[in-house]
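Undergrad: Quick one: sequence plus predicted model below, questions after.
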Amino acid sequence: MAKTNDPIISVSGVRGQVGISLDARTITRFALAFGTFVGGKTVVVGRDSRTSSPMIRHAVLAGLFATGCRVIDGGLCPTPTVLLTAKTLDAQGSITITASHNPVEWNGIEFASESGKLLTQTERDELMRIYEMEDFALAPWNKQGTLEEFKDATKHHLKQIFSSQWIDMDLIRNAKLKVALDCGNGAGCVISPILLRELGCQVVEINCEPDGDFRRSAEPTPDALSELCEKVRETRADIGFAHDGDADRVVIVTDDGIALSGEWTLAFVADFILSKTKGDIVVTVSTSRMMDDIAVKHGVKLHRTKVGVGWVVEKMHEVNAVIGGEGTGGVIYPSINYTTDGIASIAAIVQHLAESNNKVTTHVETMPHYEMCRKKLEIPSQEVATQLLELAMKMYEKESTSTIQSVPHLELTDGIKRVWEDRWVNVRKSGTEPVIRVFSEAPTASEAETLCDDTLENLNWLMKQINL
């Protein structure tokens, strides 16, 4: 991955490589801005298992204390747990210390506002104004912040999942499922094994020590899950699950030991939830066409947004959607909280298996099939990415005016999406890494990869026109 000297600031928060683009000074400055933003009130803090998280935590505490905040520390726990804790305690804000699916040398902080709600665009703009202007409201010596511990964060999260209308714990227990679980030695270690055992599952654990030693990629792509696939086959498990670093995502390994992309997590859950309750779905522009088919199957409307959980959440509120998410394996359950929740997804998928009395492979065979390809182009900076997308836009806009029938139409919700009748390709600037992402989907894997490769070839050609 390319190195950059500047942290990446986006809808997801702030991320960078520790000691290169992210240090204590930057974190403290953001914490000062956030403490000012929430008026020096109550802020919930939690962290993932990365070895740099204790350093980041101290930098966060310094900024929050200096602005007079009452800090409630949830300790080591998943991102959805932190946000749910903030909602439960009616806090004015929360900061989660995590780089989610980024590599182990990265870390960052993610912000939420009142009661665990992700920041709106207006709120993000105001936070950045305070940060950039250093317009900090510093507390006097006798009104400095305080620190409290909250040790029941994961217990409360489990309670909320188990009280969901769509779950029947006795039914799951009677199914006696064997589940292989790979938490990637991340934050999911402290909650997902407990959840599965509470549901009566026999749990086969790998990488379930929250020591920050990511023995595989923090992003649970199929290529990173060979150990879990082998464990599923070896133990004859009914299903395998793998989390990313902060457990807001989960992906599936079938009973045949085949790793599925995160698209299947959202598809399985949406199909299951919509069988219980009707309502709109919200997904991103780069999410699979499977979601269109699921919407048609259940007679509901599908909405697409920019990539990023914050955008999905805003649209879900707007249309009162019953389910939403991204093709990364992140699913949002409004009945629990408006954020992606990999732990709730495990419960929902296990319930789906127990209720249907079918194997994962059977569900896969009955779902519509498309093939996706995901590639990326490393770039020197976000500024170069912006220039590159502008050049690509001009090129594709010129092409779209052609009278040739096979020319795709353009959708500009997020980056550039070129859409044909039976395939699409999306080019956009990443909000979490110094890369341009290229996602495509087509009837076959070779066609999807050709779309990606042709697009990358165009981008590399355009890159030569930029003065680096």
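TA: On my side now, so go ahead.

Undergrad: Which of the three states applies to Thr96?
TA: Of the three states, Thr96 takes strand under DSSP: H, G, I helix; E, B strand; the rest coil.

Undergrad: how far away is it from Leu118?
TA: When CB to CB, to the nearest Å is the yardstick, Thr96 and Leu118 sit 11 Å from each other. (C-beta placed from N, C-alpha, C; glycine too.)

Undergrad: out of the two, which sits in the more crowded spot?
TA: The neighbour comparison of Thr96 against Leu118 (other CB atoms under 10 Å) goes to Thr96, with 30 against 27.

Undergrad: pLDDT score assigned to the more buried one?
TA: Model confidence at Thr96, given as pLDDT, is 97.

Undergrad: who's in contact with it?
TA: 13, 45-48, 79, 82-83, 109-110, 112, 246 (CB atoms under 8 Å, 6 or more residues apart in numbering).

Undergrad: what's the residue lying closest to Phe162 once chain neighbours are set aside in contact with, if anything?
TA: Across the structure, with CB to CB, 6 or more residues apart in numbering as the measure, the residue nearest Phe162 apart from its sequence neighbours is Met169 (6.2 Å). Under the criterion of CB under 8 Å, 6+ apart, the contact partners of Met169 comprise 162, 198-200.

Undergrad: Buried among the residues you listed? Make that a PyMOL selection.
TA: For the buried members of the contacts of Met169, the matching PyMOL selection, counting by 16 or more other CB atoms under 10 Å, is:
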select buried, resi 199+200
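
Undergrad: In helices, which of the contacts of Met169 appear?
TA: Among the contacts of Met169, the members found in helices (DSSP state H) are 162, 198.

Undergrad: With pLDDT as added columns, please give the contacts of Met169 in JSON lines.
TA: Written out in JSON lines, the entries for these read as follows (pLDDT from 0 to 100):
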{"residue": "Phe162", "pLDDT": "98"}
{"residue": "Glu198", "pLDDT": "98"}
{"residue": "Leu199", "pLDDT": "98"}
{"residue": "Gly200", "pLDDT": "98"}
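
Undergrad: closest to Leu353 among the contacts of Met169?
TA: Lowest distance from Leu353 to those (CB to CB) belongs to Leu199, with 11.0 Å.

Undergrad: Apart from its chain neighbours, what residue comes closest to that closest one?
TA: By the measure of CB to CB, 6+ apart, the closest residue to Leu199 outside its immediate chain neighbours is Ile172, 4.6 Å from it.

Undergrad: Need the residues touching each of Thr96 and Leu118.
TA: Overlap between the neighbourhoods of Thr96 and Leu118 consists of 83, 112, taking contacts as CB under 8 Å, 6+ apart.

Undergrad: How about residues contacting the helix or strand containing Asp73?
TA: Asp73 belongs to strand 70-76 when assigned by DSSP states H and E. Contacts of strand 70-76 from elsewhere in the structure, counted by CB under 8 Å, 6+ apart, are 41-49, 53, 61, 64-65, 81-82, 85, 89, 91, 145-151, 153, 187, 190, 210.

Undergrad: Show the subsequent helix or strand relative to it.
TA: Taking DSSP H and E, what comes next after strand 70-76 is helix 79-88.

Undergrad: and that following helix, what does it pack onto?
TA: Here helix 79-88 touches strand 42-47, strand 70-76, strand 93-97, strand 106-112, helix 153-162, strand 337-340, helix 342-356, going by 3 or more CB pairs under 8 Å, 6 or more residues apart in numbering; DSSP states H and E.

Undergrad: Point out the most buried one among those.
TA: strand 93-97 (a mean of 29; mean count of other CB atoms under 10 Å).

Undergrad: how about the nearest residue to the residue sitting nearest the centre point of the chain, chain neighbours excluded?
TA: What sits nearest the mean C-alpha location of the chain, by CA atoms, centre = their mean, is Gly330, with 5.0 Å. Nearest in space to Gly330, with sequence neighbours left out and distances taken as CB to CB, 6+ apart, is Thr340 at 3.2 Å.

Undergrad: The one you found pairs with what?
TA: Residues found in beta-bridge contact with Thr340 (criterion: DSSP bridges) are Ile332.

Undergrad: wait, it sits on Val250?
TA: No - using CB atoms under 8 Å, Thr340 is not in contact with Val250, being 9.5 Å away.

Undergrad: show me what contacts the residue nearest to Leu83 when sequence neighbours are not counted?
TA: In space, and not counting its chain neighbours, Leu83 is closest to Gly116: 3.9 Å by CB to CB, 6+ apart. Listed by CB under 8 Å, 6+ apart, the contact set of Gly116 reads 44, 82-87, 91, 94, 337-339.

Undergrad: Val350 now?
TA: If you count contacts by CB under 8 Å, 6+ apart, Val350 has them with 172, 177, 179, 196, 199, 201, 239.

Undergrad: if we can go back for a sec, now the residue nearest to Leu83, what are its backbone angles?
TA: phi 70, psi 20 (degrees, to the nearest 10).

Undergrad: State the pLDDT value of it.
TA: pLDDT at Gly116 comes out at 86.

Undergrad: so how far is Val18 from it?
TA: Using CB to CB, one obtains 26 Å as the distance from Gly116 to Val18.

Undergrad: and the gap between Arg289 and Glu126?
TA: 37 Å.

Undergrad: Mind listing the residues bridging to the closest residue to Arg423 other than its chain neighbours?
TA: With CB to CB, 6+ apart as the measure, Ala442 is the residue that lies nearest to Arg423, at 3.9 Å, once sequence neighbours are left out. Beta-bridge pairing for Ala442 (DSSP bridges): Glu371.
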